[in-house]
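Quick check, what structure comes out for this input:
(chains A and B)
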Amino acid sequence: MSLARIWRILRKEFALGPRSPFFSYTLILPVAMTLIFQVAFGSLFEPKPRMGIVDDGSSAITAAIEQMDGIELTIFEDAAGLTAAVEANDVDAGLVLPAGFDGAVAAGERPDLTFYISGESYASNRIILSVTTIDLIRDIEGAEAPVTVDVVSYGEEGLPTNVRLIPVVVFYALVMAGVFVPGSSLVEEKEHGTLVAMLVTPARSGEILAAKWALGVLLATVMSVFTLALNGALGARPFEVLLVIVIAALMTSTIGLLIGVVAKDSTVFFGLVKGLGIFLFAPAAFYLFPDWPQWIAMLFPLYWIIEPIWQVSVMGASVTSVWAELAVALAITAAVGVVVAVLSRTMRARLIGE
Amino acid sequence: MTGPAISVEDLRYSYGDLEAVKGISFEVQPGEILGFLGPNGAGKSTTIKMLTGQLTPKGGAARILGEDITADDPDIQAQIGVCFEEKNLYLQMSALENLDFFASLYGIKEPDSMELLRRVGLADRAKDRVQNFSKGMRQRMMISRALINKPKVLFLDEPTDGLDPVTSAAIRKTIKEEAERGAAVLLTTHDMFEADELSDRVAFINEGRIVALDTAENLKLKYGTRSVKVRLRDGDGVREEHLELDGDGSSVRLAELAASPDLLTIHTEEATLEAIFIELTGRGLQG
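Below is the predicted model of the structure:
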């Protein structure tokens, strides 16, 4: 086995990749799915309310808004800069907090406060910013609200749909890049006869398969990390997320290689992928429907990589909490790898029709 | 090394119950072109597939440059060049990229890709994708790819099949140059003219067996009939007379014709390889 030759074949794969519509589809699909899901269920095109403040006295209002995830804060040096930004709709609303404002409010002096509103801002953003400002002033004053509000939740409590869709998008990134790319690349080489052309050179079938596998692992890793980042789900432990993703990429690429070795042409390849599609996709569906008995998901091989990704990237768990799942994933990968190795011995013979 | 570049003894292969190669033996020396002449399905391509490591023989023995072909040794693969009947090139890659990639599989760091493309007349299309090439251009690419590692043994499977005369002539010229360089060439074809023009020796293969193996000239002498075609003026027209030189009284008749005032032309006629093939096997080469 020559590592140099594996690298040369891999380099060829990357050179040919962008010229293949299928390869491009692999790059585009997770991005397209993310955009569609975020538009339908998320807040991708609903920007946060933007508040501008000129703070001459280190007000607690500024400090409080700065801590709020849901509001985008910009600090201005002077009132002229703020009003210009409001007029240009660079911020939705603006406040000029003079020195001693908090003290005056706390002393019950009721100082004047001007709330600048951009004419082009969304009404929803204006309401959010004005109500938030009034609440913060009331906090400084120490006054209680004139009414008591009881908050009653209706509907199912749980994660928002766009978050529950993250395993689906990551699943597609993994399967497209890890299963489809190496598998279809191998089948295409069989169909076009280029695999035989390589096999009469010093290149061995093991080296060719290793290059295809490495292609799948690299592409699946990059696309999964990119997809998670796009969904804001890289979590607080990016290196642990990366480790989990790499194990997932190892598994999906090995499965892709198995399908590629078994399929003699594109018809059989896509037939196998279609047949296995539900089997592969099933675990991702359980995240969409949390009422389903979750233990059923464990019966499907990709559960053992989707669950660790979910836990570490979305739920913020440590990689040590999912070691058992990762161990099962690695065991499945090794078992599939052995099958690939056995079948690859007969691949050349089957190519020729021996 | 000394000795034959290709040495085959009682080589056999079968696809299931169908025996495709039934115990063939031959040798090819360095610098020699051996033409494998036979119709489709005769066992020519199967023999090449065995010798290039694509198929494992079911019996017999074969050596390339003294090494057993069943050893699956990359060092042997590094010494051979194969031109397939199927045009199995990377269509999405340019001509230059195709050659450079295959050169890299041989570990060649500075391949003569441009020089090879120049030899086959494709230098000006070096950066064009192969998918835009005509059938003849692709075949010339196939030849240049087979030569990328300067092989000591060259296997050519129907290298000019279906090509125009100009392209065929260019490819034949390249094959001759390779033999002159010292490469042993095993050429399969069902084109008798190609076999006759290129081959130092010709093997007739039929139904998995070699039925004759010799130089084309010896085969013609052995199996053909010497004859001449004489054209004579006949009133306002022309008549032809075929005369077998080995027949009784043929020399007397030939002298009479040569002396005739009506004589227009005399041409020697020799048996074609196809005629000999038919005589030996009872079938034609196009079958």
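
Now residue 92. Nearest residue, chain neighbours left out?
The chain I'm using is chain A. A:Ser121 (3.8 Å; Cβ to Cβ, 6 or more residues apart in numbering or on different chains). For every residue, glycine as well, the C-beta is placed using N, CA and C.

my bad, chain B
Closest to B:Gln92 by Cβ to Cβ, 6+ apart is A:Arg19, at 4.4 Å.

Tell me the predicted confidence for the one you found.
A:Arg19 carries a pLDDT value of 74.

List phi and psi for it.
phi -90, psi 0 (degrees, to the nearest 10).

coming back round to it: the residue nearest to A:Asp92 should be in a strand, yeah?
No - going by DSSP: H, G, I helix; E, B strand; the rest coil, the assignment for A:Ser121 is coil, not a strand.

Which residues are in contact with B:Ile175?
Counting by Cβ atoms under 8 Å, 6 or more residues apart in numbering or on different chains, B:Ile175 touches B:Ile33, B:Ile143, B:Leu154, B:Leu156, B:Pro159, B:Val185, B:Leu187, B:Leu198.

Need the buried ones from those residues selected in PyMOL.
The buried subset of the contacts of B:Ile175, as determined by 16 or more other Cβ atoms under 10 Å in any protein chain shown, is captured in PyMOL by this line:
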select buried, chain B and resi 33+143+154+156+159+185+187+198
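
Please flag which of the contacts of B:Ile175 sit within strands.
Residues from the contacts of B:Ile175 lying in strands, with DSSP state E as the criterion: B:Ile33, B:Leu154, B:Leu156, B:Val185, B:Leu187.

Which of those residues lies at the shortest distance from chain A?
B:Leu154 (11.8 Å; Cβ to the nearest Cβ).

thinking again about what came up before, quickly check the contacts of B:Ile175 for the two that are furthest apart.
Spatially, the most separated pair among these is B:Ile33 and B:Ile143, at 14.0 Å (Cβ to Cβ).

so how far is B:Glu97 from A:Ala248?
33 Å (Cβ to Cβ, to the nearest Å).

Below-threshold pLDDT in the stretch 51-200 of chain A: ranges please.
Per-residue confidence for the stretch 51-200 of chain A (pLDDT under 70) gives these ranges: A:153-162.

Around chain B, which positions in it sit nearby?
A:His192, A:Gly193, A:Thr194, A:Val196, A:Ala197, A:Met198, A:Leu199, A:Val200 (Cβ under 8 Å from any Cβ of the partner chain).

picking up where we left off before, which one of A:Ala248 and B:Glu97 is surrounded by more residues?
A:Ala248 (28 against 19; other Cβ atoms under 10 Å in any protein chain shown).

Neighbours of the residue nearest to A:Asp92, how many?
17.

can you tell me which residue is nearest the centre of the chain?
No chain was given, so I picked chain A. A:Leu228 (1.9 Å; Cα atoms, centre = their mean).

Let me rephrase: I mean chain B.
Centre-nearest of chain B using Cα atoms, centre = their mean is B:Leu187, 3.2 Å out.

Roughly how far does that one sit from B:Ile6?
Distance from B:Leu187 to B:Ile6, by Cβ to Cβ: 12 Å.

Residues that sit against both of those two, list them.
B:Leu34.

how far out from the middle of the chain is stretch A:328-336?
24 Å (Cα atoms, centre = their mean, to the nearest Å).

right, I mislabeled it, should have said stretch B:185-200
3 Å.

for the record, mean pLDDT for that stretch?
86.

same deal with stretch B:135-154?
91.

Which positions within it qualify as buried?
Those would be B:136-154, for stretch B:135-154 by 16+ other Cβ under 10 Å.

Which of these fall in helices?
When DSSP state H defines the helices, the subset of the buried residues of stretch B:135-154 inside them is B:Gly136, B:Met137, B:Arg138, B:Gln139, B:Arg140, B:Met141, B:Met142, B:Ile143, B:Ser144, B:Arg145, B:Ala146.

The fourth one reaches B:Thr160, doesn't it?
Yes - contact between B:Gln139 and B:Thr160 holds when scored by Cβ atoms under 8 Å: they sit 7.3 Å apart.

Quickly list what's touching both of the two.
What both B:Gln139 and B:Thr160 touch, as defined by Cβ under 8 Å, 6+ apart, is the set B:Thr167, B:Ile171.

what sits against A:Asp102?
A:Asp102 touches A:Gly57, A:Ser59, A:Ala60, A:Ile61, A:Ile140, counting by Cβ under 8 Å, 6+ apart.

ok, 6 Å please
A:Ser59, A:Ala60, A:Ile140 (Cβ atoms under 6 Å, 6 or more residues apart in numbering or on different chains).

give the contact list for the second one.
Residues in contact with A:Ala60, defined by Cβ under 6 Å, 6+ apart, are A:Asp102, A:Ile140.

backbone phi and psi for it, please?
Dihedral angles for A:Ala60 - degrees, to the nearest 10 - are phi -70, psi -20.

cool, and the first one?
When quoted as degrees, to the nearest 10, the phi and psi of A:Ser59 stand at phi -70, psi 150.

That one against A:Pro98, yeah?
No - between A:Ser59 and A:Pro98 there is no contact under Cβ atoms under 6 Å: 9.0 Å.

What's opposite B:Arg209 in the beta bridge?
Bridge pairing for B:Arg209 (DSSP bridges) gives the partners B:Asn206.

and the residue of the stretch 1-150 of chain B found nearest chain A, how many residues sit next to it?
Here the stretch 1-150 of chain B gets closest to chain A at one residue, B:Asn88, 3.0 Å apart by Cβ to the nearest Cβ. B:Asn88 has 19 neighbours, counted by other Cβ under 10 Å.

hmm, back to that, from A:Glu144, how far out is the residue nearest to the centre of chain B?
Distance from B:Leu187 to A:Glu144, by Cβ to Cβ: 101 Å.

got a list of what A:Val246 touches?
A:Thr221.

any idea how far it is from chain B?
Relative to chain B, A:Val246 is positioned 28 Å away (Cβ to the nearest Cβ, to the nearest Å).

element containing that residue?
helix A:238-262 (DSSP states H and E).

what pLDDT, on average, does the following helix or strand past that helix get?
Going down the chain from helix A:238-262, the next helix or strand is helix A:266-288, by DSSP H and E. Averaging pLDDT along helix A:266-288 gives 81.
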